[in-house]
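**Q** Quick one, structure for this:
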Amino acid sequence: MILPLKDKEERRSYQAEYGKKWYAKNKKRQKDSSKRSKKRVIARNRKFIEEYKISHPCECGMTEAYCLSFHHESDDKAANVSDMVSRGYGIKKIQKEIDKCVVLCLNCHARLHHKEKIEKLSLELARS
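**A** Sure, this is the predicted structure:
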């Protein structure tokens, strides 16, 4: 078939069929390329997170990136930052989620959640 096809529907149909045939012929190459690309994106994301954590230490002074985590300060949570990193999200989306968080070391994070849990239990007991 000779391109360009004037009718949009014919062109779409032709391109869809061509794409399916091309993928069937190049499936392994395409999958390998996708895996390599995703590994590069995840490595880039991990580097971004490590640099961010180093430049935003915990209020207690902890600066070791592997000891720091993100705590969402509100209920407006789209996803866990670590899940976004390992799933290959873009830096802009990850940054948007990080903006909703505060960086805490693992001990401070545990203390904060314990304190929130105690407060919640106290409120429930006061209501009953």
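**Q** Whichever strand or helix holds Ser69 pairs with which strands, parallel or anti?
**A** Under the criterion of DSSP states H and E, Ser69 resides in strand 68-72. Strand 68-72 pairs in its sheet with strand 101-105 (antiparallel), by DSSP bridges.
**Q** rewinding a little: only alpha carbons, please: show the strand holding Ser69 as CSV.
**A** Output of strand 68-72 as CSV, limited to C-alpha atoms (Å, rounded to 0.1, in the frame of the first residue of the first chain):
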residue,chain,number,x,y,z
LEU,A,68,15.9,8.3,55.7
SER,A,69,12.3,7.8,54.5
PHE,A,70,9.5,10.0,53.3
HIS,A,71,6.5,10.7,55.6
HIS,A,72,3.3,12.0,54.0
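**Q** buried residues in the helix or strand that it is followed by?
**A** Heading C-terminal from strand 68-72, the first helix or strand you meet, by DSSP H and E, is helix 81-86. By 16 or more other CB atoms under 10 Å, the buried positions in helix 81-86 come out as Val81, Met84, Val85. Yep, even glycine has a C-beta here, placed from its N, CA and C like the rest.
**Q** got it, and stretch 64-80?
**A** Ala65, Cys67, Leu68, Ser69, Phe70.
**Q** and the closest residue to Ala78 other than its chain neighbours, helix, strand or coil?
**A** In space, Ala78 comes closest to Glu97 once its chain neighbours are excluded; the distance is 5.7 Å by CB to CB, 6 or more residues apart in numbering. Look at Glu97: counting by DSSP: H, G, I helix; E, B strand; the rest coil, its state is helix.
**Q** Good, wrapping up.
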